[in-house]
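# Generate coordinates for the sequence data below:
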Amino acid sequence: MIAYVALLRAVNVGGTGKLPMAEVLANNPFFDEARNRTLAIFLDEAPPSDTLSTLSGQKDEVVRLGRREIYVRYGDGMGTSTLKIPAAKIGTARNMNTIAKLAAMAAEI
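Below you'll find the predicted structure:
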């Protein structure tokens, strides 16, 4: 049986697609980094081609693009970051600890 996990940002009855948590974990470009300092921003479609050039406030954060995700590794932590990612306004973010737990829960179903 296939299990799906919903990440709610706002209620949308239009059904914008499914988010495969296992594929997101496997494609995490920061796999060896601390999971509490890395996150994925989930989007309905591929990140815009200008995503990396529109970042502002970037210090020690590293940003990589995925298929329908934006991955971010925070150096000193999220609490002090001033990073702005305009393309993230239409997405929802979860850190890798949460994504790993959601993937494990979905695998148990």
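
# switch to C-alpha atoms for all contacts and neighbour counts from now on
Noted.

# Nearest residue to the middle of the protein?
Residue closest to the average C-alpha location in the chain (CA atoms, centre = their mean): A40, at 1.4 Å.

# Could I get the phi/psi values of the nearest residue in space to it that is not next to it in sequence?
Spatial nearest neighbour of A40, chain neighbours left out: Y71 (4.5 Å); criterion: CA to CA, 6 or more residues apart in numbering. Reported as degrees, to the nearest 10, the phi and psi values for Y71 are phi -100, psi 140.

# gap between Y71 and D50?
15 Å (CA to CA, to the nearest Å).

# Looking at those two, which has the bigger crowd around it?
Counted by other CA atoms under 10 Å, Y71 and D50 do not tie: Y71 has more neighbours, with 24 against 10.

# Relative to G77, how far out is that one?
Y71 sits 14 Å away from G77, going by CA to CA.

# any idea which helix or strand carries the residue nearest to the centre of the chain?
strand 38-42 (DSSP states H and E).
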